Structures are given as C-alpha cells and as structure tokens.
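Colleague: can't give you the sequence, but here's the structure:
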RNA sequence: GCUCAGAUGGUGGAACUGGUAGACACGCAGGACUUAAAAUCCUGUUCCCGUAAACGGAGUGCGGGUUCGAUUCCCGCUCUGAGUACCA
C-alpha cells in the first residue's frame, strides 16, 4: 500500500487518546523532565500556521526525552480569561463562557490533528472555577504578606502585627508605601481596628492605593503599561488617558533586585534577559537634599530631594528641575512667576504622551522664582520646572548638570543658565560630555580625584552632612492588578467601609456572578456591579484573622464585594504548578508533586511575553518560594523563543486604463513594468509557488469571474511581500488545509525544516512538497515496487550501518541544541543514502523508525507495528545507541589548497601522520604541476582535515 | 537616540571548536515514462569568462585587520528586524 497519511494519522490519534499513551505518572524511578508550552488564549480565529511552531518543537523534544528514558511532563491548557470573548459578549449578549468553550473545542481539534503528545488529563483552564479558586487563594496569600528587607523575603502579616505589638514600627525594614506612620507598641495597640488595618494595607504585597492608571474609556477598563502602545490600547487601538483611581496593586518592586539577580542563574536567550533588565531598570546612585532658600518653609520640609546616578558631578549642578506635577511646585512658585508657571503646567497637561515624545527635541520649561542651596558648596541655584523630568521616576526632581547631561545642557543653553565644566578633559563646546575619565576641576574637595574616588567622597560627605545617601532606584513600578471588566477572576475581597477584607478561605472559589449585560453600569461602575444581590455575608462562627470587625454589630451583615476583576496575567502567573497536580481540590498542587517536578526544565514561547507574563510569573514564583509553597527560586530553567511567523502576501497586478480606472485585466508580475498597474492582495491559498491558479482566482471574487490575464510562459506569476499575517491581507494559512493535503507528519517536519526555531521568518508553503516526498520515500524503503511490505532480516552492510549511526548521532546533537531544521535535512540525506543502497533491512529500518518518531510520529507508529512491534510501545522504546566505530574511515579525501584556495582532493590513509601526509601530497603529480619545480615555502597539514601548501 | 538580533545562490537555509562555502529542499532548465496530464524517476543549476569539457577568475552586506587559511575572530561602516523611549 502506498503511504496513506490520512488513515494512518486518524488511526494513531485515536489510539493515543483511547490508550492514554501520554498520560504521565508522578513516579520517581525515572528522571523527570518538564517540557512546557506557553498556553494559548483560545481566540475565535483558531490556529494559524505560526501558532504550532513552538508546540511542534516542544513535542519533538518531549518525545525525544521519553525515548531517552525520562519521565516527561508535557501538558497543555488554555489561558481562557480575556478581552476578545468579553468584547464578543458585549456585542452579542452571549456569555463569554459559551464563546470560550466553543473556541477551546476548535483549538483542541486543531491541536489533536497535529499529533501532539500532550497529557490531556492535566488540562487547565484559567477561567474554570476549580482553577481560579487557587488564583484567588494565591492572591489571599499575597494580601496576608509583607516584604521584610532584613530577611530579604516575604513574611506573614501576622509576624508584622506581632512586631508592631511588641516594638511598634521601630526596627521594621519593609518594602511599603512611602507614607507609613511611626508609632510605639502602645500607640499601635491604642489604634482602632480600622486604623490598624489601614496601616497594614500599606505593607501588604497586594494592596489598594490611589494610582494614576491608564484608563481606556472605549474599553471601559484600566490597562497595564505593557498593554498600552504609544498612548493607545494594544488591543483595539483605542485612546488611553491618565486617570486617578483606587486600584489593586502588586508590590512587585519588592522583588526587583531578586528578579534582576535571578536572570544570571537561568538559561534564557540573552536579548530576553536584557529586556527584563531594562524593564527593571536598576540604577545605582544617590539621593541628595537641596535646601530651599525660602523662610516660608519649615525646618523639616525645607528641602527638595533629587535622585542622581552621578553624585560626582554635583559641583556642576547649576539649577534644579522639577516635574510639572511635583507637589512642591505650587508653594515654590513666587507671585511674579505664577502666571508663567501655570501657563506651562496647563500646556504640559494638554500634551498627550504621544506629543511629548514627538516633541522630545524641543526645550521647554518655566522658572518658579525660588532658589535652592547646593549642599556641597552653598551655591544658590534656581529651581525650574520642565516636562523632561518625569513625575513617576525617582523623586520627580533632578539636579541639572549641564556640562555632563545633554538634556540639561540644551535646557541651560536655551534659558541662559550657567554651564560649569567639572572634569579636566571635558569638551563642552557644542554638547554635554558625560565622560567619567579624567580628573575633577572646579569641585572643591574632589578636585584631582578619579570618578570612582570622587563618587565615594561625595556620597560620604553628603551622608556626614545629612544631606544625602547612596540609593538604588528602579524604573519598574508596582503592577496594577485590577480591571473594570467582567471576564476575569473575581477578587476575593469585600469591603467594610473603605477597607478591604479577605473572604474566608472556605468560601473559595468566589464564583463570577451572572450579569444582565457585560458593560459598566450607568454610574461607571464595573460590570460586576450589575450582579443581583451579590454580597458577602459573614458568619460569626467562621471569622478569620481580621476578626474584630466581623464581630458584634457587623456579624451576619452583607458586604459589597470588590467589583473589579483580576488582570489577564493573574491566571498565567502560576499555571505550570497546576499541571503538576491538576485535580487537587485541597491545595493548588500537592507538596509531593511540586517536590518531584520542581520547575519547568524547558519552556517554549514567544518573546512578546518578555516583560509581562515572564516577569510576573517569576515574581509570583519567588513569593511562593518565600512562603515555602514551592521549591525553586526560578520557575523556568531554560527558555526558548520561537521566532514569529510572518505572513507572505501574494499580489496580482490590475491593469489601469487611460483615465485611471481599474480594468479586469491582470498582468503577470514579470511584465508589470510595461503597463500601468495597481497591486492587489490575492489569497495565498490559490497561489502555488507564486503561480496563480486562474480558475480559483475567477471564483475568488464575483467581479473576477470574467477576468483576463496577460501571462508569462503561459503562467500568471504573482508578486510577493512579507507582512503581518492577517485576514485582510489574504495571507493567513490554516494548518487544517495543509494537514488535509499533506498530513500532520509532513506539516510538523516542514515547520521545522523552514529554518532555525528562534528565527523569525515569513511563512511560505513553497517547499512543503519536498518534505512530503521525503516521507513517501521513507515509506517506500519498507515496501517493494508493488508497494507490498517487504523487510528483510539480513545482516546490514557496513555502508548501511554507517548511514544509520550517522543519523543516530546527528539527531541527538541537533535535538539537544534545538536545531530541528538541520535534523530534518539529515533525515533526508539518510533516506537518500539508504534508497541508493536499496536497504530494506530490519536492523536498520527499525532503528530509523525510532529516531524519526519524535518528528513524524504517525507514520512511525504505523511502520513500528508493521515491523511486528506492539502498538503504542514506540513512544517509550529506548533511543538507539550510537556506536562511533561504524563511522571510522581508513581513508580521507584531503582537500589540498595552494595558498588557501582548494585545488584538488587526494585520498590518503588516515593512519598516516603529518610528515607522511606531507610527503604523499608533495609526491602527487598534480601538486608538482602547481609547484612548477620550486620548493613550497610552507606546508600546513591538519590530520583528517586539510593540507595547505604555501608557494 | 539607546539596547539586542541579523545580512550567505532565483527562494528557505547548511557549514557546530578558524580548515573543501552553497549540504538538504524549493524553484527553474533539460530528459525518461505516458495518447496526454498528474505522479514518479534521472541530469544540470553561485556568478563571470570561455558560449561542450578541462581549465581560469570572482564570491558569504561594505571597507580594513589578524592568520598558512576567515561566512566564522578583531576594528570601522551600511542596511534590515525587534525591544525601549526624555529614567536623571
């Protein structure tokens, strides 16, 4: 029988499902290996050919590891909360759960078709209450924790309370809000429960605070920074504005340093680590207090604090600049300057983020009229405001050193402020010079010192004066953790007055209530406000840690729940643990499961999650580690980014008539220079190797039914271009179509054959034939001319064994370094060789089946059983053992170069050593011809490699 | 602007530690089989000169360097893609 991929693939997909071939046990006899894919959001559009790229790679790796004797965890699930389902619900009134369910069914069908070896018994869905129960539970742990800088880890709030009760706020070194109170133990105890809770909220790892948020009116929700692009929402492209709002936040900044340090311990692509480093944005410097030269300010508030990374340049500081939003601006502004300052603030406020960015080159600012004192030299320097200083970074104020900082330089030039050189080699004629080389001048006690010495000396002096101290600043902000949306996890919190309280653990999961519409209420409250009688009722018998508020008059009352839901990244920040123990209803995963599987050994996914999912996941993981709930500091040991698959669009060229109208005549791409044409996207699915299928084109759109063509060599050639893959560009290729035509094994191998996994590349179906032909050729090795199964038990020859062992070794090497494209080529070479050798020996072919099975599992399962093996055993059979003895050659065709240019090959025994090889080469007639009687200047011989003769 | 990645035939790409550049595949051209088409198979295919071959020359974005030898290492530049954006 010929290679019937359709029957074969259906048969084995069913077999794997029926026999649960890939169900993973949490056993400990084999070494474990955890291969994870980034789980998809099940969108309505289904998979396109770009999505499976990473899944195919991870599946090959997982299958390979099984053959190598590992107990492999290779699960899949769905990140099923999200905006598109909700948008659809708003438009149609359909409950997002229903849409989501339907989309998941499509995804599942498409994934199954590709023959993945997922253990579906462990499937997770972030939108399922069994799952989000634990997302809520983790939220509660965060609420009940604070970050202790002294132990450098998160600890229980109870411990903090204990400390307050014994010592007050003294000795607490926490990551917390800026405005925490100081109090004694007695003062603490004297506080009412309300005030105590309000104070504790400033320490909790998830907390409420008024924050400036990215409010998107069109979506009716708040967006995270990474969901906003250039002032517009990433999804939908709606305008985003800044708005103040009470929001849940996550104190991720507590982990900034650990998130940074951890990067050095994990095997991730360098660019991705770099992106996280930039995002965290650690800068080491100093905070410096500049006294305000104004008697109106009281003694303990008479300073402006700035952050600088160049404390060494402080003698060059000739003015201060505050952000227009800085809280001191109003008080600093003198009456003469009031008009100018107000005008400037008004103008700055009007400018959108986008305009501010485009305007980066223009210098603008205003003088407050006030002065400050430079602490190191007592100089009186003016205080300005300008929008190049950002309120959200550092202290929202800078000391301007125009000789060393280009923005300060431009500002000083524009407003005629002094520029003082502070380093002897500094050249500041046309621009600032931020050099750190040379020696200091005009700088009093650091004159003559080097950069390192000067920085230390200045910081020491400032500390001594009480005017500053060394400080580390981070660019990263606490992450906002709330959406005014319906389709997300409810926050397990209710309110008594203005204070949030956790619901009882027994009441988890807090299930998403039904609502009549998925829109905000008329008064602007989130959709959850529409739920009827959705209130938390406390029970006196089940009161928790914050008990005093639930007792007495409050017991049994109904309280408002938090109405916002969790953001998209909540459910994906811990899901890899759920796969370890997906059905546990006592814990998010059992201790044994976590201790066995530990962390993800290989994680494959796109780099677009670099600063979102991958950062938040590391944060939650570190927190869970601090709580002793998990065992590893880093969740993903090795990570690979699969490249993006871009679209490759095809174009037809419509002839334009004299008056500029499009006609119904189309010009082949090679001829368009001779005509006036306009390009038109054409569906790539009716184009093959850039040749248009004319009949299908006529059916593509009704107005093309009577299209005419000007052809080249009888064919219509299309033009092409690389663009984003999108429906509107008609360049979306659906894997279903390709599977229908060539089968999943061909598609799997072709996606790998396209090029290195990590490289972005345009999808191009040209060439898939080659892979398909390869599989047929492989099939034919097992069959005679009449397509009858025919395998012999004869002893293999030396040449056959050599081919086999070459590929055994090559595939091992390739898979270990994730170079899947090169192993596909090598398979082709091996099959070409075995075809030439007319090899049908079981001893060779059975091993070939095992080696190829991770790549093309269906055809291999079929051949495996045809060879007489038990069905389903292929996935767990041992990988063939490489024997280098079969590759040993006794002769090598040495390339002989003259002056580095290869001229010929000479067969020489590999047993000869260098001098003997040299003699043999020089004796050769062909070499003599080049030497022309002269002696060579030099002869380089690398045994087994090359001979180079220098003349 | 900054950071990172990349540039090899008509196309996707290979060459892993400096050692035969262009493996493998697509496409194209020619041929076999066929009434024909499809499928399959065979041959050729970096470019230039020689218009058959041998042979010769050039060649991995550009310009230099190190080396017996460079796609690979170093310096400078150009272009493409991604991320980031006044971060003090």
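Modeller: In hand now; what should we look at? Computed from a predicted structure; not experimentally measured.
Colleague: Phi first, then psi, for whatever residue of the stretch 1-150 of chain A ends up closest to RNA strand B.
Modeller: Closest residue of the stretch 1-150 of chain A to RNA strand B, Cβ to the nearest atom of the strand: residue A:2 (8.9 Å). For the C-beta atoms, the positions are set from N, CA and C on the backbone; glycine is no exception. Residue A:2 has phi and psi values of phi -70, psi 170 when expressed as degrees, to the nearest 10.
Colleague: do you know how far it is from residue A:753?
Modeller: 22 Å (Cβ to Cβ, to the nearest Å).
Colleague: what's near enough to touch the residue of the stretch 1-150 of chain A closest to RNA strand B?
Modeller: A:776, A:779, A:787 (Cβ atoms under 8 Å, 6 or more residues apart in numbering).
Colleague: Retrieve the pLDDT associated with it.
Modeller: As summarised for this prediction, residue A:2 has a pLDDT of 84.
Colleague: cool, the one 5 residues further on as well?
Modeller: Note for residue A:7: predicted pLDDT of 92.
Colleague: List the buried residues of the strand or helix carrying it.
Modeller: Assigned by DSSP states H and E, residue A:7 belongs to helix A:5-19. Neighbour counts using 16 or more other Cβ atoms under 10 Å place A:5, A:8-9, A:11-13, A:16 of helix A:5-19 among the buried residues.
Colleague: who's in contact with the residue nearest to residue A:513 when sequence neighbours are not counted?
Modeller: In space, and not counting its chain neighbours, residue A:513 is closest to residue A:531: 3.6 Å by Cβ to Cβ, 6 or more residues apart in numbering. By Cβ under 8 Å, 6+ apart, the contact set of residue A:531 is A:513-515.
Colleague: same question, residue A:413
Modeller: Taking Cβ under 8 Å, 6+ apart as the test, what residue A:413 contacts is A:363, A:402, A:419.
Colleague: That one is in what secondary structure piece?
Modeller: Using DSSP H and E, residue A:413 maps to helix A:406-415.
Colleague: Likewise for residue A:321?
Modeller: Applying DSSP H and E, one finds residue A:321 within strand A:319-322.
Colleague: The following helix or strand past that strand vs RNA strand B: in contact?
Modeller: As assigned by DSSP H and E, the chain's next helix or strand after strand A:319-322 is helix A:329-332. No: judged by Cβ under 7 Å from any atom of the strand, helix A:329-332 stays clear of RNA strand B, getting no closer than 13.9 Å.
Colleague: Give me the contact list for helix A:329-332.
Modeller: The contact list for helix A:329-332 (Cβ under 8 Å, 6+ apart) reads A:292, A:294, A:296-297, A:322, A:341, A:345, A:368-370, A:383, A:385.
Colleague: So which of the residues you listed are in helices?
Modeller: Among the contacts of helix A:329-332, the ones falling in helices (DSSP state H) are A:341, A:345.
Colleague: Can you add pLDDT, neighbour count and distance to RNA strand B and give the contacts of helix A:329-332 back as JSON lines?
Modeller: Output for those, formatted as JSON lines (pLDDT from 0 to 100; neighbours: other Cβ atoms under 10 Å; distance: Cβ to the nearest atom of the strand, whole Å):
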{"residue": "A:292", "pLDDT": "87", "neighbour count": "21", "distance to RNA strand B": "19"}
{"residue": "A:294", "pLDDT": "72", "neighbour count": "15", "distance to RNA strand B": "23"}
{"residue": "A:296", "pLDDT": "65", "neighbour count": "9", "distance to RNA strand B": "25"}
{"residue": "A:297", "pLDDT": "62", "neighbour count": "16", "distance to RNA strand B": "22"}
{"residue": "A:322", "pLDDT": "92", "neighbour count": "24", "distance to RNA strand B": "9"}
{"residue": "A:341", "pLDDT": "91", "neighbour count": "22", "distance to RNA strand B": "17"}
{"residue": "A:345", "pLDDT": "86", "neighbour count": "18", "distance to RNA strand B": "14"}
{"residue": "A:368", "pLDDT": "91", "neighbour count": "24", "distance to RNA strand B": "17"}
{"residue": "A:369", "pLDDT": "90", "neighbour count": "18", "distance to RNA strand B": "21"}
{"residue": "A:370", "pLDDT": "90", "neighbour count": "22", "distance to RNA strand B": "19"}
{"residue": "A:383", "pLDDT": "94", "neighbour count": "25", "distance to RNA strand B": "15"}
{"residue": "A:385", "pLDDT": "92", "neighbour count": "28", "distance to RNA strand B": "12"}
